[in-house]
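Novice: Need the 3D shape of this:
(2 chains)
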There are 2 protein chains.
Amino acid sequence: MTTTQGVLARVDTDFAALQGKWLDWLRIPSISAQPRHAADCRAAAEFARADLESLGFSARLVETPGHPVVLAHHAGPGGNAPHLLFYGHYDVQPPEPLELWHSAPFDPAIVDGPHGPRVVARGAVDDKGQVAMWLAAMRAWHAETGSLPVAITAVIEGEEEVGSVNLEAFLAAHAPELQADIAVISDTNMWDINTPAITTGLRGLVYLQIDIKAASRDLHSGMFGGSARNPINALTRALAALHEDNGRIAIPGFYDGVAELTNSQAVSWAALGFDESKFLGDIGLSIPAGEAGRGALERLWARPTCDVNGIWGGYAGPGAKTVIASEAGAKVSFRLVPGQNPVAIIEGFRQFMRAHLPADVQMNVQEFAHGPGIEVPAESRFVQAARDALAEEYGRPAVLAGCGGSIPVVGSLKRMLGLDSLLMGFGLDDDQIHSPNEKFEVACFRHGVRSHVRLLGLLAAG
Amino acid sequence: MTTTQGVLARVDTDFAALQGKWLDWLRIPSISAQPRHAADCRAAAEFARADLESLGFSARLVETPGHPVVLAHHAGPGGNAPHLLFYGHYDVQPPEPLELWHSAPFDPAIVDGPHGPRVVARGAVDDKGQVAMWLAAMRAWHAETGSLPVAITAVIEGEEEVGSVNLEAFLAAHAPELQADIAVISDTNMWDINTPAITTGLRGLVYLQIDIKAASRDLHSGMFGGSARNPINALTRALAALHEDNGRIAIPGFYDGVAELTNSQAVSWAALGFDESKFLGDIGLSIPAGEAGRGALERLWARPTCDVNGIWGGYAGPGAKTVIASEAGAKVSFRLVPGQNPVAIIEGFRQFMRAHLPADVQMNVQEFAHGPGIEVPAESRFVQAARDALAEEYGRPAVLAGCGGSIPVVGSLKRMLGLDSLLMGFGLDDDQIHSPNEKFEVACFRHGVRSHVRLLGLLAAG
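Specialist: Below you'll find the model as predicted:
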């Protein structure tokens, strides 16, 4: 029996206790957005700190202007064992609306589902459950061997659900003690209950607001219609011009740096048999949007998009008001893929809109977010070890998946610390994160713990 | 001295008394929109009824579910004298915001301006001042001759400022006693202080709301962007398609029935020397909107338009929310010209939007208003008499003007009673109707009274 096999056996033997730690943590309502829960956030941080300390970490809370960050170090076996930085967060989304929960959100319920028992609670999976998973893997290693097989730094923040507003300052202030070979993050999903996934690409985000102003005051459409510019007409025309008929985005240079799918991506994504009809049918739609001539997963994972997230102007009350408004505005965001330059996209949008608005219409563009798309190197020894670990645990290869959304910390770790991330998560698409009755399958948790045990073992063996 | 000259002399002799009647009427705060002023509305109606009775009319108040209508008849000289139906309204807009008035809105102030004295009060011109003008003309005729030179029916309603909600029912119920040869309405403007105008065209109005629904719930733009339809993107594209690049409206059949300007219209409007640069400059704009290749007055008076009066959808709060909304909507209105069929326009809009929205996007169109554009025959004996009266009074010809807006009663009178309207008004563009410090130039009032004296004389002689 190898050491890893011993640790895996320990997971199974001690599973009730490992699960108990997870449930205990879920009982602390660490809602970062609600000031009255500040003490609970600190308690959840302290819970994690104490847990890490009990595993041999030197662990402390680092204060921030908001909720504290748990920072812990374990030297591992020394020598040239790799050094992993595990990132996660202990804060959770508000549970409201409470009336839609079938059990109290902070009193975890174990409920039978189609895949066996599941734990229902706020934070069950996002992200306490996924963090509890790698903490449990470390506990099993510690229990079996008295130590850990690799050097580990753990960073567990308390403000992910409110935009990680103090994280970059924390990373900057503690950069020297955050050096590592790779960041490991469990905040993503599996492909399905039987098929593990490693996320290797994340789309970036540019989020803008455009405000336009035409006449100096609201006008009567009878007196002025046909002579005075209508800013809503003008805005809708300019926004409509952002897309060509084939769904491509018309801003000059927008696709600069966008790579075509590699053959292996194309082949492996095609093999996944993604059912877009079902994906859309579940939300009441039937006709795919996005660029013509592209595959469904390609459009979701590897192609940039432009969405108008909000629009306003003029009269929106009941009945009729024959007004030509003086102002109108919209929120416009772009999902970006690796290779695109967010700053160039913002400037391109600005120039495009200016060119598509009449010259006597004033325009102002505000920026609320910009981050590039991120490619996680899929060929590193760490990704290979993760693929091996998952293949051993599940008896089938992991999907190398894209992700349509953004995980800002991945960009921060890369930009500020030079760290690539390994995104190995065990959530399912139906886990209802951020919604009532959030759940995590106990089977996912157990396989997640065991996969992390294997990952640490494989990396130690080098 | 002709009879008319005698009556004109009487206007000058009695002017203080005629003006006094006007000011007394203005002191009654007949604000139809405000229930606490219901008794004031009735008092203003009774004031007009008594005034008409003193001129030999049989006059009464006709009750409605809202404010009463003043209805009065004078048989005139008998024989084949023409029968005129004068329409006006005694109700006024609310005076708010009160703090912007320089004098109390219901305590008429006589103030010196660039054109001599003016009366400042709510209703000074709209419409009490203009009605007081034709009442004064009748008073002068009555004083000089003991009668009136034509048969007259007077209808003075009290709900014009709240949409004339009970007027059509009144017209229907009293159709037999509303028979006349022509309706005469003073609720429009002169071309400028020295140049009288007869309004010969009114644009119609179709006012619609479109609501569209895409996905069954709001979506995360990272997870769904590139596959799920964004209803705001879809709506802006469909709305933008309503206009061609040259400003023409793209709905098939939209221009069916739209006549080109006649030569005489084109020549006379060009001769007006309308300064569109100043018109737009006054509201902070410099580039005319509307159809390319059309004259400024043509676009305002004789061409239909399409304006988006309001638009909404998605997130409009501060900062960023990466949502793909499930719904969006807009208010869309069309100004119509004579010849266009409002019902066909509504159906055309519906079909156009359906064709320009993806098939899995649901669409609902509500209708809030529809009325056709109205051409007032410019060649009738009544218009000719009015042109002669105005030319005599002002020493220059009247402008035959279009009007970009709608005066719904004109359509109701035509549709329900078969009555054409003669629109001879004496307001100025800067009278600030519906705004604080509404005013009416005393010179306009005096010439208006005298012009009506001449009109009655010419028609009697006719």
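
Novice: Every contact and neighbour count from this point should use C-alpha atoms.
Specialist: OK.

Novice: Stretch A:60-71 spans what distance, first to last residue?
Specialist: This stretch, stretch A:60-71, spans 6 Å end to end (C-alpha to C-alpha, to the nearest Å).

Novice: ugh, wrong one, I meant stretch A:219-229
Specialist: 10 Å.

Novice: Give me the residues contacting that stretch.
Specialist: For stretch A:219-229, contacts defined as C-alpha atoms under 8 Å, 6 or more residues apart in numbering or on different chains pick out A:214-215, A:322-326, B:203, B:280, B:285, B:287-291, B:296, B:299-300, B:303-307, B:335, B:403-406.

Novice: Relative to the whole chain's centre, how far out is that stretch?
Specialist: Distance of stretch A:219-229 from its chain centroid, counting by C-alpha atoms, centre = their mean, to the nearest Å, is 47 Å.

Novice: what does stretch A:234-243 give?
Specialist: Between the centre of stretch A:234-243 and the centre of its chain there are 30 Å (C-alpha atoms, centre = their mean).

Novice: Keep only those of the contacts of stretch A:219-229 that are in strands.
Specialist: Using DSSP state E, A:Val323, A:Ile324, B:Thr305, B:Cys306, B:Asp307, B:Arg335, B:Cys403 are the members of the contacts of stretch A:219-229 that sit in strands.

Novice: Count the neighbours of the first one for me.
Specialist: If I follow you right, that is A:Val323. Neighbourhood size, A:Val323 [other C-alpha atoms under 10 Å in any protein chain shown]: 21.

Novice: Tell me who's in contact with it.
Specialist: With C-alpha under 8 Å, 6+ apart, A:Val323 has these contacts: A:Asp218, A:Leu219, A:His220, A:Ser221, A:Gly314, A:Tyr315, B:Asn309.

Novice: Distance to A:Leu55 and neighbour count for these - can I get that in JSON lines?
Specialist: Formatted as JSON lines, these follow (distance: C-alpha to C-alpha, whole Å; neighbours: other C-alpha atoms under 10 Å in any protein chain shown):
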{"residue": "A:Asp218", "distance to A:Leu55": "67", "neighbour count": "15"}
{"residue": "A:Leu219", "distance to A:Leu55": "70", "neighbour count": "19"}
{"residue": "A:His220", "distance to A:Leu55": "73", "neighbour count": "16"}
{"residue": "A:Ser221", "distance to A:Leu55": "72", "neighbour count": "28"}
{"residue": "A:Gly314", "distance to A:Leu55": "61", "neighbour count": "24"}
{"residue": "A:Tyr315", "distance to A:Leu55": "62", "neighbour count": "20"}
{"residue": "B:Asn309", "distance to A:Leu55": "65", "neighbour count": "28"}
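
Novice: all strands for the stretch 251-400 of chain A, in order.
Specialist: With DSSP state E, counting those that start in this stretch as the criterion, the stretch 251-400 of chain A has strands at A:305-314, A:323-324, A:327-336, A:362-371, A:374-375, A:399-403.

Novice: Can you tell me which of those is nearest to A:Lys414?
Specialist: Among the strands of the stretch 251-400 of chain A, strand A:374-375 comes nearest to A:Lys414, with 9.2 Å by C-alpha to C-alpha.

Novice: residue contacts, the residue lying closest to A:Pro338 once chain neighbours are set aside?
Specialist: What sits nearest to A:Pro338 in space, not counting adjacent residues and going by C-alpha to C-alpha, 6 or more residues apart in numbering or on different chains, is A:Gly373, at 4.2 Å. By C-alpha under 8 Å, 6+ apart, the residues touching A:Gly373 are A:Gly201, A:Leu202, A:Arg203, A:Gly204, A:Leu205, A:Arg335, A:Leu336, A:Val337, A:Pro338, A:Gly339, A:Gln340, A:Ser406.

Novice: how about 7 Å then?
Specialist: A:Leu202, A:Arg203, A:Gly204, A:Leu336, A:Val337, A:Pro338 (C-alpha atoms under 7 Å, 6 or more residues apart in numbering or on different chains).

Novice: count of residues packed around the fourth one?
Specialist: Using other C-alpha under 10 Å, A:Leu336 has 33 neighbouring residues.

Novice: The last one now?
Specialist: Using other C-alpha under 10 Å, A:Pro338 is surrounded by 20 other residues.

Novice: Please apply the same query to the second one.
Specialist: As a burial measure, the neighbour count of A:Arg203 was computed by other C-alpha under 10 Å and equals 29.

Novice: Phi first, then psi, for it.
Specialist: Backbone dihedrals for A:Arg203, given as degrees, to the nearest 10, come out at phi -80, psi 150.

Novice: Would you confirm that it contacts A:Gly404?
Specialist: Yes. Between A:Arg203 and A:Gly404 a contact is recorded at 5.5 Å, counting by C-alpha atoms under 7 Å.

Novice: Now do the shared contacts for those two.
Specialist: Taking C-alpha under 7 Å, 6+ apart as the contact rule, A:Arg203 and A:Gly404 both touch A:Trp301.

Novice: for the spatially closest residue to A:Gln432 that is not a sequence neighbour, what are its contacts?
Specialist: The spatially closest residue to A:Gln432, leaving aside those adjacent along the chain, is A:Glu438, at 4.7 Å (C-alpha to C-alpha, 6+ apart). Going by C-alpha under 7 Å, 6+ apart, A:Glu438 touches A:Val120, A:Ala121, A:Arg122, A:Ala124, A:Asp431, A:Gln432.

Novice: Chain B: which of these is nearest?
Specialist: Lowest distance from chain B to these (C-alpha to the nearest C-alpha) belongs to A:Gln432, with 12.8 Å.

Novice: so A:His74 makes contact with A:Val150?
Specialist: No. A:His74 is beyond contact range of A:Val150, at 8.4 Å (criterion: C-alpha under 7 Å).

Novice: The residue lying farthest from the centre of chain A sits in which helix or strand?
Specialist: Centroid-distance maximum for chain A: A:Met223 at 51.4 Å, with C-alpha atoms, centre = their mean. For A:Met223, the host element (DSSP states H and E) is helix A:221-224.

Novice: and that helix, average pLDDT?
Specialist: For helix A:221-224, the mean per-residue pLDDT is 86.

Novice: and if you look at stretch A:293-311?
Specialist: Computed over stretch A:293-311, the average pLDDT equals 95.

Novice: Just the endpoints, please. Distance across that stretch?
Specialist: Distance between the two ends of stretch A:293-311: 29 Å, counting by C-alpha to C-alpha.

Novice: what's around the nearest residue to A:Arg299 once chain neighbours are set aside, how many residues?
Specialist: Closest residue to A:Arg299 apart from its sequence neighbours, by C-alpha to C-alpha, 6+ apart: B:Gly226 at 5.1 Å. For B:Gly226, the count of nearby residues is 29 (other C-alpha under 10 Å).
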